[in-house]
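Trainee: sequence unknown, structure follows:
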């Protein structure tokens with residue numbers, strides 16, 4: 001017999017649903033408690049589905065809310081629903097998918113796909129056939145509701161639909177969907193394309209078998225009057241460009257013409273989808289060939305798309321010039337992610353190599369808008385096309401730029417400045433000619449009366465910072481710095497933010513060029529502390545940290561320390577241990593501690609203690625932490641803090657502690673050890689950091705291990721007596737982390753082993769075997785990032801220096817990649833110790849280097865000023881080899897040398 005609700009129970013549930021829409025927090029809390037109680041009764045879920053599907057007299061928001069609470073229950077504990085309840089819910093969903101209300105149909109669709117994604121597609125075998133049959137219904141609502149549900153299932157379970165587990169239903173679904181491309185209802189046509197689109201990127205076989213029909217059907221819909229249909233057509237073509245460009249090439253001219261039209265579509269959502277086409281095309285090898293003839297049309301369209309729309313200006317409060325006193329809305333502050341410390345080496349002709357996974361520049365700064373819009377997409381497309389076409393883009397752009405940059409209308413002028421910034425990387429050669437005139441104009445725009453013009457001028461100037469710094473400082477650097485510092489203290493928050501970010505970029509480029517102006521710079525940055533609201537404070541920390549990285553020990557002057565440290569320490573004392581604002585502040589202090597060196601001593605004790613506490617707290621929390629569920633319905637918090645009994649029994653669903661606190665703390669400890677050197681010894685002696693480090697090195701999260709190994713290396717350099725007693729426990733852990741699947745972890749573990757080797761000396765011998773095999777494997781591995789290769793080579797050299805008998809027998813297996821990895825590294829202590837190691841190993845096993853001796857010669861020639869005794873070691877090996885083979889053979893051998901190498905060896909070593 002069919003389940004029927006108890007009337008009193010039904011009234012109770014309805015009242016609860018009404019109460020949950022109340023803005024009153026006390027009412028909300030009562031609702032949550034009540035829900036918790038009701039969830040103990042299995043047939044509570046029957047009431048929820050009953051309200052959704054049967055109570056047509058109730059208002060739609062209440063019915064829909066009932067369905068969404070049911071969806072959350074399905075998500076949380078569907079496996080505990082009795083079969084009768086599960087069956088009743090499924091039956092009601094399918095029977096009511098054609099509800100007259102679009103909101104209710106959509107809610108039922110969400111419920112169906114949530115049940116399906118709980119592994120139920122396999123145990124609900126008649127779902128897909130039922131929905132399929134309903135597509136043929138004469139009733140529009142039924143057809144649309146079924147398609148809506150199918151679209152959600154295609155989004156959530158695309159791989160499963162193309163698998164043997166379900167007998168590949170996609171083979172029937174794709175041809176069926178294609179038939180609906182011709183349906184009379186635009187909503188249905190749109191659903192049909194959206195369903196097929198889910199299978200393009202995965203190259204589902206059923207779609208590949210029908211690819212020509214699909215593409216023909218898309219072309220037939222190209223001029224559809226419905227904007228949603230046009231949007232899905234554009235989306236399909238963009239994905240096909242990535243996956244089946246071979247099928248598009250014959251039609252490419254027409255497709256480009258179509259996309260040029262659509263990028264100007266009156267509906268911005270369509271224009272945005274079409275604009276993605278240029279971004280994707282730029283990544284294809286055929287881009288230059290197929291697009292060159294269309295640039296004359298495309299460039300003005302992209303430039304036009306870079307203007308702020310009227311709605312953008314309203315959302316960005318473009319008319320509000322001064323808002324610095326208005327506190328930030330906490331929701332607007334994006335979470336910040338800490339990038340763990342990676343140890344790198346100094347290169348010839350540049351500073352330390354950045355890690356291989358550098359993030360791209362943000363393309364512009366209107367982050368208050370929905371993250372991605374036509375303006376940003378157009379700017380990104382122009383940026384990538386500038387990188388493809390380089391200066392060939394300029395004939396199409398320069399006439400436009402001239403008009404835009406000096407335009408009376410600020411909106412147009414602003415878009416011109418954005419254009420100039422977007423092409424900075426790709427067209428830099430061709431732009432050099434115009435920069436002496438443009439940079440002063442941009443510096444003038446920093447004083448524009450419109451805040452949005454001032455902020456974009458900051459960003460564009462930062463994109464040309466490299467050129468600015470390459471000119472005499474009085475020409476551009478000084479005026480730019482002076483104006484940017486004024487903008488850091490602007491009355492508008494958006495301008496403050498843009499100026500702070502731009503100044504950080506300038507600091508990275510200018511480095512020690514800034515030293516003469518340090519007093520002036522610090523005065524400005526410290527004054528900003530008292531002026532900034534929450535969000536910009538976080539960016540200010542970054543600008544101060546970057547300044548410390550850029551000028552290094554020049555910051556260690558009593559006058560500068562007196563300006564900078566009090567406000568930083570004041571913030572440090574204000575923040576609680578669980579406040580995420582600690583991340584940027586800890587990162588900033590880490591850079592400052594490294595730069596100030598002994599100048600940081602007066603501040604180090606409380607900072608050190610707190611970092612140790614943060615690590616300890618996080619490790620303790622990792623032991624146990626129940627999950628607080630938080631769902632949002634209609635923008636109101638719902639079920640906050642509810643803990644269902646099952647969560648106590650499912651530790652796999654416990655929420656992990658936020659390990660970022662521990663990672664940032666470990667990195668600051670590294671900064672302290674690096675900056676304070678031997679002075680850190682007393683702090684280490686009075687703490688349990690070595691025990692904590694032992695735990696962190698074995699953490700499941702790679703970033704924690706990465707930062708642990710960086711700290712281990714820094715402590716090894718600063719206070720080895722505290723590290724030495726732990727070596728027997730630490731070395732096996734280091735050995736197992738020599739796994740290049742985790743590049744940065746492997747890199748830092750490798751570096752730490754090298755530092756430990758130098759301190760251990762001959763005592764390293766028992767551990768050499770634990771790590772040597774992995775190191776040799778890594779250095780011979782194809783496609784290994786440069787930083788990792790260099791650190792591996794240094795460590796092999798250092799290990800060979802202290803344990804030559806263990807390492808030298810393998811010389812032949814690594815000498816060639818070893819030499820090529822280190823030839824571009826600057827002369828420094830690490831390179832020195834590694835080359836001493838190689839020389840000692842060649843002494844033990846000269847045969848190991850014979851076959852690759854030319855590589856050794858090349859690596860030796862890369863030294864500019866080796867220390868006297870190292871030079872003697874090189875001299876002996878080169879002359880020993882020459883004497884061994886005889887004058888005539890040496891002549892033949894040295895004929896293979898490039899002229900420059902021949903010259904250097906002859907001049908420096910007389911061979």
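Mentor: Received the coordinates, thanks. None of the values given here were measured: they were computed from a predicted structure.

Trainee: distance of residue 16 from residue 64?
Mentor: From residue 16 across to residue 64, the span is 15 Å (Cβ to Cβ, to the nearest Å). All C-beta atoms are positioned from the backbone trio N, CA, C, and that covers glycine.

Trainee: And the two? Which one has more around it.
Mentor: Using other Cβ atoms under 10 Å, the more surrounded residue of residue 16 and residue 64 is residue 64, with 23 against 18.

Trainee: Show me the contact partners of stretch 252-268.
Mentor: 222, 227, 230-231, 234, 237, 248, 270-271, 273-275, 277-278, 286, 290-291, 294, 297-298, 301-302, 304-305, 309, 373-374 (Cβ atoms under 8 Å, 6 or more residues apart in numbering).

Trainee: and with 7 Å instead?
Mentor: With contacts defined as Cβ atoms under 7 Å, 6 or more residues apart in numbering, stretch 252-268 is touched by 222, 227, 230, 234, 237, 248, 270-271, 274-275, 277, 290-291, 294, 297-298, 301, 305, 374.

Trainee: Show only the entries of those residues found in helices.
Mentor: 227, 230, 234, 237, 248, 270-271, 274-275, 277, 290-291, 297-298, 301, 305, 374 (DSSP state H).

Trainee: Return the residues in contact with the residue lying closest to residue 134 once chain neighbours are set aside.
Mentor: Spatial nearest neighbour of residue 134, excluding adjacent residues (Cβ to Cβ, 6 or more residues apart in numbering): residue 146 at 4.0 Å. By Cβ under 7 Å, 6+ apart, the contact list for residue 146 reads 97, 131, 134, 135.

Trainee: Now the two most distant members of the residues you listed.
Mentor: 97 and 135 (10.6 Å; Cβ to Cβ).

Trainee: Which of the two has more residues huddled nearby?
Mentor: Per other Cβ under 10 Å, whichever of residue 97 and residue 135 has more neighbours is residue 97, with 27 against 20.

Trainee: Might you report the residue contacts of that one?
Mentor: Contacts for residue 97 (Cβ under 7 Å, 6+ apart) come out as 105, 108, 134, 142, 145, 146, 149.

Trainee: and it, what helix or strand is that in?
Mentor: For residue 97, there is no enclosing helix or strand under DSSP states H and E.

Trainee: Just give the closest residue to it, not the sequence neighbours.
Mentor: Once flanking residues are discounted, residue 97 sits nearest to residue 145: 4.0 Å by Cβ to Cβ, 6+ apart.

Trainee: Tell me which helix or strand the one you found sits in.
Mentor: Applying DSSP H and E as the criterion places residue 145 in helix 140-156.

Trainee: Low-confidence bits of the chain, can you list those?
Mentor: 120, 334-339, 346-370, 623-656 (pLDDT under 70).

Trainee: Show me the strands in it, by range?
Mentor: Along the chain, the segments classed as strands by DSSP state E run 629-633, 636-642.

Trainee: Show the buried residues in the ones in helices among the contacts of stretch 252-268.
Mentor: Among these, those buried by neighbour count (16 or more other Cβ atoms under 10 Å) are 227, 230, 234, 237, 248, 270-271, 274-275, 277, 290-291, 298, 301, 305, 374.

Trainee: what's the closest of those to residue 422?
Mentor: Of all these, residue 422 sits closest to residue 305, with 11.3 Å by Cβ to Cβ.

Trainee: How about the closest one: what's its closest non-neighbour residue?
Mentor: Excluding the flanking residues, the one nearest residue 305 by Cβ to Cβ, 6+ apart is residue 378, at 3.4 Å.

Trainee: got the contact list for the one you found?
Mentor: By Cβ under 7 Å, 6+ apart, the contact set of residue 378 is 275, 302, 305, 306.

Trainee: That one and residue 39: what is the separation?
Mentor: Distance from residue 378 to residue 39, by Cβ to Cβ: 49 Å.

Trainee: same check, this time on residue 506
Mentor: 57 Å.

Trainee: Who has more neighbours out of those two?
Mentor: Higher neighbour count among residue 506 and residue 39: residue 506, with 26 against 19, using other Cβ under 10 Å.

Trainee: so the more buried one touches residue 465, yeah?
Mentor: Yes: using Cβ atoms under 7 Å, residue 506 is in contact with residue 465, at 4.9 Å.

Trainee: quick one on the thing from earlier: which residues sit in contact with the residue nearest to residue 97?
Mentor: Neighbour list for residue 145: 97, 98, 99, 105, 108, 109 [criterion: Cβ under 7 Å, 6+ apart].

Trainee: What about the fifth one, how many residues nearby?
Mentor: The number of residues packed around residue 108, counting by other Cβ under 10 Å, is 27.

Trainee: residues contacting it?
Mentor: With contacts defined as Cβ under 7 Å, 6+ apart, residue 108 is in contact with 67, 93, 96, 97, 99, 145.

Trainee: Same check on residue 289?
Mentor: Applying Cβ under 7 Å, 6+ apart, no residues contact residue 289.

Trainee: repeat that for 10 Å
Mentor: Applying Cβ atoms under 10 Å, 6 or more residues apart in numbering, one finds that residue 289 lies in contact with residue 252.

Trainee: how close does it sit to residue 430?
Mentor: Separation of residue 289 from residue 430 (Cβ to Cβ) stands at 21 Å.

Trainee: Same check on residue 398?
Mentor: Counting by Cβ to Cβ - residue 398 and residue 430 are separated by 9 Å.

Trainee: more neighbours, these two?
Mentor: Ranked by neighbour count (other Cβ under 10 Å), residue 398 and residue 430 place residue 430 first, with 18 against 14.

Trainee: Pretty sure the more buried one sits against residue 424.
Mentor: No: contact criterion Cβ atoms under 10 Å: residue 430 and residue 424 do not qualify, at 11.3 Å.

Trainee: Residue 872: which of the contacts of residue 108 is nearest?
Mentor: residue 67 (82.6 Å).

Trainee: And for the closest one, the neighbour number?
Mentor: The local packing of residue 67 (other Cβ under 10 Å) involves 22 other residues.

Trainee: Make a markdown table out of the contacts of residue 378 and add distance to residue 849.
Mentor: Shown next, in a markdown table, are these (distance: Cβ to Cβ, whole Å):
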| residue | distance to residue 849 |
| --- | --- |
| 275 | 57 |
| 302 | 56 |
| 305 | 60 |
| 306 | 58 |
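
Trainee: got the contact list for residue 407?
Mentor: Contact analysis of residue 407 by Cβ under 10 Å, 6+ apart lists 413, 414, 415, 416.

Trainee: how near is the first one to residue 403?
Mentor: Going back to what we said before, that points to residue 413. Separation of residue 413 from residue 403 (Cβ to Cβ): 10 Å.

Trainee: Surely residue 788 touches residue 817?
Mentor: No: counting by Cβ under 10 Å, residue 788 sits too far from residue 817 to count as a contact (11.7 Å).

Trainee: tell me, what's touching those two both at once?
Mentor: With Cβ under 10 Å, 6+ apart, residue 788 and residue 817 have common neighbours 778, 779, 781.

Trainee: How about the contacts made by the second one?
Mentor: It stands for residue 779. 750, 788-790, 792-793, 795-796, 813-818, 820-821.

Trainee: give me that answer again for 8 Å
Mentor: Residue 779 makes contact with 789, 792, 793, 796, 814, 817, 818, 821, according to Cβ under 8 Å, 6+ apart.

Trainee: any idea how far it is from residue 536?
Mentor: To residue 536, residue 779 is 45 Å away according to Cβ to Cβ.

Trainee: which of the contacts of residue 779 are buried?
Mentor: Burial by neighbour count, judged by 16+ other Cβ under 10 Å, picks out 789, 792, 793, 796, 814, 817, 818, 821 from the contacts of residue 779.

Trainee: Now render those as a markdown table, adding distance to residue 584.
Mentor: Output for the buried ones among the contacts of residue 779, formatted as a markdown table (distance: Cβ to Cβ, whole Å):
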| residue | distance to residue 584 |
| --- | --- |
| 789 | 32 |
| 792 | 32 |
| 793 | 34 |
| 796 | 37 |
| 814 | 41 |
| 817 | 39 |
| 818 | 39 |
| 821 | 34 |
